[in-house]
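Enquirer: Quick check, what structure comes out for this input:
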Amino acid sequence: MKHIGIVGCSHEGAALCYRTICALGAQQLGGHAHPEVSLHSPSFGDYFECLEAGDWEGVADLMVTSAEKLAGAGADFLICPDNTIHQVLPEVARRTELPWLNIAEVVRDEALKRGFWQIGIMGTRWLVDGHVYPDAFAPAGLEYLRPDAADRATLNRIILDELVRGEFNLKSVDELIEVTEHFEAASCDAVVLGCTELPLVLDDSNSAVPVLDSTRLLAQAAVRRATGEAVGASN
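Expert: Numbers count the residues shown, from 1 in each chain. Below you'll find the predicted structure:
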């Protein structure tokens, strides 16, 4: 069984990914068993400072440092449950020895499996303005829609001011549901929860359209890979 290395960014999202891996492992393997897992994260403040400054090289350096420490701990492959910093994953993958699972590619595969073709993107301003999901979706023929300016501001505020701090405000949840309603009105047949913390407050029960839970989908893919099921990897 392979050893999973988690490159963490924000603590709420990394914790959700870790917990999901352990729970899924027990379901698949029985009893209290799960694949070996190691998690490394520098201070989220270090990542946030780089993001605010537009210092993507600094973001890559932080990820590489985590990857190297996880390799030293014996990890066989790596995942990062943070969507935003996947923007530099191609560069990071070139600088590190271990293979990676790409969260956007995992989400893409699930969208294709479920027959979704027009997908709304929810996440931080860096994620929704960036190329992480377009790069994964477009080659597969998937259409995507970014939120409008007002919804981008709402998403970014709630994620960074509340969710990453573990704060869950009912009024804010209602605002997030409203964002999903806007995607439904724009003919999206699903939304990707492209922020690690969004699955803590949104799911199929309260979203106006079906959700693609990037955090849990990545955890599922990691467990499949660790236990020998075939999933794609990026080197």
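
Enquirer: residues touching the residue in the chain sticking out farthest from the centre, list them.
Expert: Most distant residue from the mean C-alpha position of the chain: residue 31, 27.7 Å away (Cα atoms, centre = their mean). Contact analysis of residue 31 by Cβ atoms under 8 Å, 6 or more residues apart in numbering lists nothing. All C-beta spots, glycine's among them, are computed from the backbone N, C-alpha and C.

Enquirer: Could you list the single helix or strand in the protein with the lowest mean pLDDT?
Expert: The helix or strand of the chain with the lowest confidence, counting by mean pLDDT, DSSP states H and E, is helix 11-29 at a mean of 91.

Enquirer: Can I get that one as CSV, trimmed to CA atoms?
Expert: What follows is helix 11-29, C-alpha atoms only, in CSV (Å, rounded to 0.1, in the frame of the first residue of the first chain):
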residue,chain,number,x,y,z
HIS,A,11,-5.7,24.1,8.0
GLU,A,12,-9.4,23.6,7.7
GLY,A,13,-9.1,22.2,4.2
ALA,A,14,-6.1,20.0,4.9
ALA,A,15,-7.8,18.6,8.0
LEU,A,16,-10.9,17.7,6.0
CYS,A,17,-8.8,16.0,3.3
TYR,A,18,-6.9,14.0,6.0
ARG,A,19,-10.1,13.0,7.8
THR,A,20,-11.7,11.9,4.6
ILE,A,21,-8.7,9.8,3.5
CYS,A,22,-8.8,8.0,6.9
ALA,A,23,-12.6,7.4,6.8
LEU,A,24,-12.6,6.2,3.2
GLY,A,25,-9.6,3.9,4.0
ALA,A,26,-11.5,2.3,6.8
GLN,A,27,-14.5,1.8,4.6
GLN,A,28,-12.5,0.1,1.9
LEU,A,29,-10.0,-1.8,4.1
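
Enquirer: tell me what the strand or helix carrying residue 93 is packed against?
Expert: Element membership for residue 93 (DSSP states H and E) is helix 89-95. Judged by 3 or more Cβ pairs under 8 Å, 6 or more residues apart in numbering; DSSP states H and E, helix 89-95 is in contact with helix 56-72.

Enquirer: Next secondary structure element downstream of the helix it packs on?
Expert: strand 77-79.

Enquirer: chain center to that following strand: distance?
Expert: Between the centre of strand 77-79 and the centre of its chain there are 13 Å (Cα atoms, centre = their mean, to the nearest Å).

Enquirer: where along the protein do the strands fall?
Expert: Secondary structure of the chain, counting by DSSP state E: strands at 4-7, 37-40, 77-79, 118-122, 143-145, 190-193, 211-213.

Enquirer: The longest one - what's its average pLDDT?
Expert: When you say that, I think you mean strand 118-122. Per-region confidence: strand 118-122 scores 97 on mean pLDDT.

Enquirer: For the residue lying closest to residue 76 once chain neighbours are set aside, which residues are in contact?
Expert: The shortest distance from residue 76 to any non-neighbouring residue, by Cβ to Cβ, 6 or more residues apart in numbering, is to residue 2 (4.0 Å). Shown in contact with residue 2 (Cβ under 8 Å, 6+ apart): 35, 76, 77, 225, 226, 227, 228.

Enquirer: For the nearest residue in space to the first one that is not next to it in sequence, which residues are in contact?
Expert: The reference is to residue 35. Closest residue to residue 35 apart from its sequence neighbours, by Cβ to Cβ, 6+ apart: residue 226 at 3.7 Å. By Cβ under 8 Å, 6+ apart, the contact list for residue 226 reads 1, 2, 3, 4, 25, 35, 36, 76, 77.

Enquirer: got it, and residue 195?
Expert: Counting by Cβ under 8 Å, 6+ apart, residue 195 makes contact with 13, 83, 84, 122, 123, 124, 127, 155, 159, 163, 214.
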